[in-house]
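*Asks:* Predicted model and sequence follow; I will ask about them next.
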Amino acid sequence: MSELEHIGAQTRKTFPCEICGKSFSHKGGLNRHYRTHTGERPYSCNMCGKSFTQNAPLQVHLRSHSGVEIVKPFSCDICGKTFSRKADSQRHVRTHSGERPYMCEVCNKSFTQKGPLKIHLRSHTGEKPYSCQLCEASFSRLSSLKIHLRTHSGEKPFACEMCDRSFSENRILNEHVRTHTGEKPYSCIFCESSFAQKSSLKNHLRIHTGEKPYTCQVCGTSFRHNGTLKDHMKRHT
C-alpha cells in the first residue's frame, strides 16, 4: 500500500450498523441498510400503495402504471422470461437449476436468495425484530407482524367470492375456498387419502409413521395430536 493509500485508509470514515455490525463507507448506505432490520419502506406508489425500501425500484414500478414499456433486456435462456435487472434474472435462473448458494451455518439448510436465509437464521438466534405497538408480541418476519396487527384492527381483506365470509390471511381464504370446490391437493404417499389442508395430511401421516410428538410431562404418555394430549392432561389435574 502506498503512503497516499495508507493515509486515505486512515481518514476514510466507516458507518457501522448498531444491530448487526456491518459497516458502510457512506451514511446513506447505512440508512438504507437499516431498513432491512426495521422493515421500513418509505417510498410508496401513489397509485396502488405498494411501497419500497429505495427510490429506484419505485421508479421502475411506476412505469407499470404509466403505460411506458419497461425495458427488460435480461432474459432466461430456459423459459424466456425477461427481467429489467440482471440480479433478478440471476435469481430466477436458480428456480430452474435448483442452485441454493446461501447456506445456514447452523443446520446446513440452503436458500436461493440471501433474504430468506437471513430470516431463517432468526429461528436459531430467536431474534424477533418486528414488535407490535399494541401488545407485547414480536415476530421474526415483517409479514407476520402485519398479519398479527389484523387481530387488533379486525381487518379481513381477503373475501370469498362464493359466500360472504372474509379472512385476515390469504392462506386461510385458500383453505376455505376448498370447502366450496372440494379440492384436496394434499395426498398421502402411503395410501389413497387426500386432504384440503396440509396440516390435516401431516396429522394423517402419523398413522403410518407411528410418530407421536406430543408427550405428557407428568406420566410420559405420547400422542399423535395436541388436542388428545390436552384432553389427557385433564386427568392429572
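*Replies:* Now that the structure is in, tell me what you want to look at. Residues are numbered from 1 along each chain as shown.
*Asks:* Mind telling me what element the nearest residue to residue 130 once chain neighbours are set aside is part of?
*Replies:* The shortest distance from residue 130 to any non-neighbouring residue, by C-beta to C-beta, 6 or more residues apart in numbering, is to residue 145 (4.1 Å). Backbone N, C-alpha and C define where each C-beta goes, glycine included. Assessed by DSSP states H and E, residue 145 sits inside helix 142-153.
*Asks:* looking at it, the residue nearest to residue 130 is touching residue 132, isn't it?
*Replies:* Yes - with contact defined as C-beta atoms under 8 Å, residue 145 reaches residue 132; the gap is 6.4 Å.
*Asks:* any residues in contact with both of those two?
*Replies:* Common neighbours of residue 145 and residue 132, counting by C-beta atoms under 8 Å, 6 or more residues apart in numbering, are 138-139.
*Asks:* Those two - which one has more neighbours?
*Replies:* Taking neighbours as other C-beta atoms under 10 Å, residue 145 and residue 132 compare with residue 145 leading, 19 against 14.
*Asks:* who's in contact with the more buried one?
*Replies:* By C-beta under 8 Å, 6+ apart, the contact list for residue 145 reads 39, 130-132, 138-139.
*Asks:* if you set the cut-off to 7 Å instead, what comes out?
*Replies:* By C-beta atoms under 7 Å, 6 or more residues apart in numbering, the contact set of residue 145 is 130, 132, 139.
*Asks:* With residue 197 instead?
*Replies:* Taking C-beta under 7 Å, 6+ apart, we find residue 197 in contact with 175, 186.
*Asks:* what separates it from residue 210, distance-wise?
*Replies:* 22 Å (C-beta to C-beta, to the nearest Å).
*Asks:* Go through stretch 141-150 and flag the buried ones.
*Replies:* For stretch 141-150, burial by neighbour count (16 or more other C-beta atoms under 10 Å) applies to 145, 147-149.
*Asks:* ugh, typo on my part, it should be stretch 54-71
*Replies:* Buried residues in stretch 54-71, counted by 16+ other C-beta under 10 Å: 57-58, 61-62.
*Asks:* can you check stretch 120-130 too?
*Replies:* Within stretch 120-130, the residues that count as buried by 16+ other C-beta under 10 Å are 120-121, 127, 129-130.
*Asks:* and residue 214, backbone torsions?
*Replies:* Backbone torsions for residue 214, taken as degrees, to the nearest 10, come to phi -100, psi 110.
*Asks:* which residues touch it?
*Replies:* Neighbouring residues of residue 214 by C-beta under 7 Å, 6+ apart: 222-223, 225-226, 229.
*Asks:* Can I get those in TSV including neighbour count and distance to residue 172?
*Replies:* Below are the contacts of residue 214 laid out as TSV (neighbours: other C-beta atoms under 10 Å; distance: C-beta to C-beta, whole Å):
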residue	neighbour count	distance to residue 172
222	13	30
223	17	26
225	13	20
226	11	19
229	18	24
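*Asks:* Just put these in TSV and tack on distance to residue 21 and secondary structure.
*Replies:* Listed next are the contacts of residue 214 as TSV, based on distance: C-beta to C-beta, whole Å; DSSP: H, G, I helix; E, B strand; the rest coil:
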residue	distance to residue 21	secondary structure
222	43	strand
223	45	strand
225	44	coil
226	40	helix
229	43	helix
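*Asks:* Show me which of these is closest to residue 170.
*Replies:* residue 226 (24.9 Å; C-beta to C-beta).
*Asks:* Name the nearest residue to that closest one, ignoring sequence neighbours.
*Replies:* residue 214 (5.1 Å).
*Asks:* ok, now how distant is the one you found from residue 208?
*Replies:* 17 Å.
*Asks:* And residue 34, by the same measure?
*Replies:* Remark: distance between residue 34 and residue 208 (C-beta to C-beta) = 48 Å.
*Asks:* With residue 165 instead?
*Replies:* For residue 165, the distance to residue 208 - C-beta to C-beta - is 34 Å.
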